[in-house]
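[1] Have a look; sequence and predicted model below, questions after that.
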Amino acid sequence: MIKRIVLKIWLQTWFYFLAGIQIVLYFPFLVVVLLLPKSYSKLFWIARNIWARIVLHGSGYFVEVENKEKLKSETNCLIIANHSSHMDVFLMLIANKKPFMFVGKKELYSLPLFGYIYKRAAIMVDRSDSKSRFEVYGKANEMLKRGYNICIFPESHYLDDTILLADFKRGAFKIAIDNNLPIIPLVFYDLKLKHPWYPMFGSLGKLRVKVLDKINVEGLKEEDIPMLTNKAYDTIKVELENDPKKAAIKATEKWKKILA
């Protein structure tokens, strides 16, 4: 019981405190930043170098990125990764130096203060609304024209921790094909085990990120979306399965025992 309380305080209360207190403290400054030319680039720098690092390092983690050079590209890219923790957003920010824009849940817009910034710093989508999902494509195209990469966590139901990697939604790959965007897959090995969605277990330490080879989409058409979706899915899943430490697999096994 005591262990569960400690885990809840660390994995949830402390996490939300570190993330939230910074929004409160920085909010007047962020509002001014958003009025400046090229405001998103400045906002991204703050998010990556201050907000994300304080949250992640303050929670007891440090990051190791393998193949970081593969993030470099002469063109815009679509960045994808597996989604297994609240920390994924911060890990993605730290791993990528070049500004990108998240495609994220519209529900977060309702959060006080954060919602004001979030609306201007992410492409929002209501997954239950087909019109909202369609509008994402136009908004993504606009940000790509401004020179920003797009980042999507493509898993369809990522909150089920008994699944190693949930099926991918097709929307990310339609964006890639429509805009001829190379896809850069990232693998987050450890967060499903070290900082899961629900506070049943966790640990401090190193978070490993691996940047995989680009998936080219040149010459692909809309009818190729299922093939591309499956290729990206298999690429990330194989890496999780072949992880020498089997971190994500251990996490799914733990959850199966807990829920049995």
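    That came through fine.

[2] Every contact and neighbour count from this point should use C-alpha atoms.
    OK.

[3] what's the average pLDDT for the helix or strand where I46 lies?
    Using DSSP states H and E, I46 sits within helix 39-46. The pLDDT scores in helix 39-46 average 94.

[4] and K174, that's in a strand?
    No - under DSSP: H, G, I helix; E, B strand; the rest coil, K174 falls outside any strand and is assigned helix.

[5] pretty sure it is touching E222, no?
    Yes - the criterion here is C-alpha atoms under 8 Å, and K174 meets it with E222 at 6.8 Å.

[6] pLDDT wise, what is N141 at?
    Confidence at N141, expressed as pLDDT, is 77.

[7] Then D129?
    As predicted, D129 sits at a pLDDT of 60.

[8] Ok, L7 next?
    pLDDT for L7: 81.

[9] List the backbone torsions phi and psi for it.
    Dihedral angles phi and psi of L7 (degrees, to the nearest 10) take the values phi -60, psi -40.

[10] If I follow the layout properly, it ends up in contact with F201?
    Yes - using C-alpha under 8 Å, L7 makes contact with F201 at a distance of 6.7 Å.

[11] and Q12, how many neighbours?
    Using other C-alpha atoms under 10 Å, Q12 has 17 neighbouring residues.

[12] Actually, I249.
    When neighbours are counted by other C-alpha under 10 Å, I249 registers 21.

[13] next one: K194
    As a burial measure, K194 scores 23 neighbours (other C-alpha under 10 Å).

[14] got the CA positions of the helix holding I46 in PDB?
    Extracted in PDB, the C-alpha atoms of helix 39-46 (Å, rounded to 0.1, in the frame of the first residue of the first chain):
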ATOM      1  CA  SER A  39       6.800  32.700 -32.500                       C
ATOM      2  CA  TYR A  40       6.500  28.900 -32.800                       C
ATOM      3  CA  SER A  41      10.300  28.400 -33.200                       C
ATOM      4  CA  LYS A  42      10.800  30.400 -30.000                       C
ATOM      5  CA  LEU A  43       8.100  28.500 -28.200                       C
ATOM      6  CA  PHE A  44       9.600  25.200 -29.300                       C
ATOM      7  CA  TRP A  45      13.000  26.200 -28.000                       C
ATOM      8  CA  ILE A  46      11.500  27.000 -24.600                       C
END
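
[15] Can you name the element that comes right after it?
    Counting by DSSP H and E, the next helix or strand C-terminal to helix 39-46 is helix 52-58.

[16] Next up, the contacts around the most centrally placed residue in the chain.
    Centroid check for the chain by C-alpha atoms, centre = their mean gives V89 as the closest residue, at 4.2 Å. By C-alpha atoms under 8 Å, 6 or more residues apart in numbering, V89 lies in contact with nothing.

[17] Return the distance of it relative to R120.
    Between V89 and R120 the distance, using C-alpha to C-alpha, to the nearest Å, works out to 16 Å.

[18] If we ignore the residues flanking it in sequence, what's nearest F188?
    Nearest residue to F188, sequence neighbours excluded (C-alpha to C-alpha, 6 or more residues apart in numbering): V209, at 5.0 Å.

[19] The helix or strand where that neighbour lies pairs with which strands, parallel or anti?
    Assigned by DSSP H and E, V209 belongs to strand 205-211. Strand 205-211 has the following sheet partners, assigned by DSSP bridges: strand 61-66 (parallel), strand 183-188 (antiparallel).

[20] Check which residues of it are buried.
    For strand 205-211, the neighbour count (16 or more other C-alpha atoms under 10 Å) marks L207, R208, V209, K210, V211 as buried.
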